[in-house]
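For reference, the sequence and a predicted model appear below.
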Amino acid sequence: MKVVYEDKELNPETWEEFIDQIYRIKYKDEGYQYIPARNDGDCGIEGYTETGKVYQCYFPEGEYSPNDLYEKLRDKLTKDIGKIQKNQDKLLKLGINNITEWHLVIPKYEDKRILEHAYTKEKEILKLKGEGKLSIIDDNFKVYIKELKDFTVEMNTLIKVNKEYKYLLPKIEEIDFSLCDSEKKANISRKIKTLRNNMDDEKTQKTINIFIEFYLKGIEMLNEIREHSPELYEQILKIENTYRTNMELKCNTNTDNAMNQKLFKEILDDFEEKLKEELGQLLSYSDIGELKQEMIGKWLADCPLDFVN
């Protein structure tokens with residue numbers, strides 16, 4: 001799952017600004033300080049804390065295979081961590097005299113070799129420390145690879161405060177219809193046919209397939225959200241659970257099958273408005289519309305949404 005800034009995906013420049021704000025939130029009690037790159041550069045780090053944490057940002061542009069991405073991350077790590085020795089005097093002038101952690105902050109990584117390389121560089125830095133060449137390094141110095149999902153709590157906080165940032169929900173392109181079991185298909189089929197007055201035609205079947213697709217996409221989307229932003233996932237579930245009661249009440253009090261289509265439209269519209277009200281600061285309206293469709297598909301498959309036959 002990604003973050004967008006002013007409805008555009010992050011780039012190297014906005015990534016640096018985004019991570020600066022994330023670190024301001026996460027390390028506000030550790031004396032975090034950002035280092036501007038103007039006037040003789042940033043000394044190889046973007047910021048530091050009084051507790052000895054320093055970090056460098058990197059945003060690879062383009063789509064890369066796991067191996068190509070690893071090579072880019074490896075080269076970036078090697079280059080930037082090597083600047084510690086070169087810039088030791090400059091770092092000391094900033095009051096940085098005991099580095100305990102060095103972070104490479106990236107959107108994601110897909111190859112564990114970058115962790116192995118980070119450990120190799122960590123040992124090299126400690127060796128230089130032992131040789132008396134790096135006095136600013138702590139005896140327990142560590143190198144960490146930090147990716148976006150390491151900051152889910154801070155992201156939620158930032159996105160709530162700064163309306164220019166929003167989550168970008170994952171786009172599920174390919175769907176395997178065989179993953180929808182016969183019971184779920186039967187539930188969706190029965191309810192859609194009821195909505196269409198038990199018509200069994202091409203349009204009805206097309207509608208059934210659309211909601212089966214929504215259901216399957218919804219499962220994948222919620223799994224992605226849960227992995228990358230547990231807080232957002234919990235918010236969505238809370239909204240769903242709250243709305244289910246109202247939805248079931250509407251369905252249970254309807255006794256006229258002629259009202260089924262009108263009721264279904266009301267449920268769709270009401271749920272979308274509820275999502276906009278609760279999640280409008282976190283998601284774009286287009287993503288909210290997609291989330292609504294996929295949650296309705298889930299309800300049709302799992303039985304809380306039913307209509308008069």
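Arrived safely, thanks for sending.

Only the buried residues of the helix or strand where Glu122 lies, if you could.
Using DSSP states H and E, Glu122 sits in helix 113-130. Neighbour-count burial for helix 113-130, counted by 16 or more other Cβ atoms under 10 Å, picks out Ile114, His117, Ala118, Lys121, Glu122, Ile125, Leu126, Leu128, Lys129. Quick note: C-beta positions are derived from backbone N, CA and C, even for glycine.

got the residue ranges for the helices in the stretch 1-150 of the chain?
Under the criterion DSSP state H, counting those that start in this stretch, the stretch 1-150 of the chain contains helices at 12-26, 66-81, 83-86, 88-93, 113-130.

Looking at the ones you listed, spot the one closest to Leu179.
For Leu179, the closest of those is helix 66-81, at 25.0 Å, according to Cβ to Cβ.

Show me what the closest one is packed up against.
Here helix 66-81 touches strand 99-106, helix 113-130, strand 137-147, going by 3 or more Cβ pairs under 8 Å, 6 or more residues apart in numbering; DSSP states H and E.

out of the buried residues of helix 113-130, who's nearest Ser182?
Nearest to Ser182, judged by Cβ to Cβ, of those is Ile114 at 43.6 Å.

The closest one: what's its closest spatial neighbour, skipping adjacent residues?
Leu73 (4.9 Å; Cβ to Cβ, 6 or more residues apart in numbering).

One more: Glu272?
Once flanking residues are discounted, Glu272 sits nearest to Lys292: 4.7 Å by Cβ to Cβ, 6+ apart.

where's the one you found, which helix or strand?
Using DSSP H and E, Lys292 maps to helix 285-302.

sorry, back to before: wait, the residue nearest to Ile114 touches Ile106, no?
Yes: Leu73 sits in contact with Ile106 when judged by Cβ atoms under 8 Å, with a separation of 6.4 Å.

who touches both of these two?
Residues within reach of Leu73 and of Ile106 at once, by Cβ atoms under 8 Å, 6 or more residues apart in numbering, are Tyr58, Pro60, Ile145.

just to revisit the earlier point, would you mind putting the buried residues of helix 113-130 into CSV with pLDDT and distance to His228 alongside?
Listed next are those as CSV, based on pLDDT from 0 to 100; distance: Cβ to Cβ, whole Å:
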residue, pLDDT, distance to His228
Ile114, 97, 19
His117, 97, 24
Ala118, 97, 22
Lys121, 97, 27
Glu122, 97, 27
Ile125, 97, 31
Leu126, 97, 33
Leu128, 96, 36
Lys129, 96, 36
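
Next, give me the two most distant ones among the residues you listed.
Spanning the widest gap among the buried residues of helix 113-130 are Ile114 and Lys129, at 22.5 Å by Cβ to Cβ.

quick one: the closest residue to Ser229 other than its chain neighbours from Trp15, how far?
Leaving out its chain neighbours, the residue that sits closest to Ser229 by Cβ to Cβ, 6+ apart is Thr152, at 4.9 Å. To Trp15, Thr152 is 17 Å away according to Cβ to Cβ, to the nearest Å.

for Tyr70, same thing?
Taking Cβ to Cβ, one finds Tyr70 at 19 Å from Trp15.

just Asp269 next, same as before
Asp269 sits at a distance of 37 Å from Trp15 (criterion: Cβ to Cβ).

same deal with Cys251?
Taking Cβ to Cβ as the measure, Cys251 falls 46 Å from Trp15.

For those two, indicate the residue with more neighbours.
Trp15 (22 against 17; other Cβ atoms under 10 Å).
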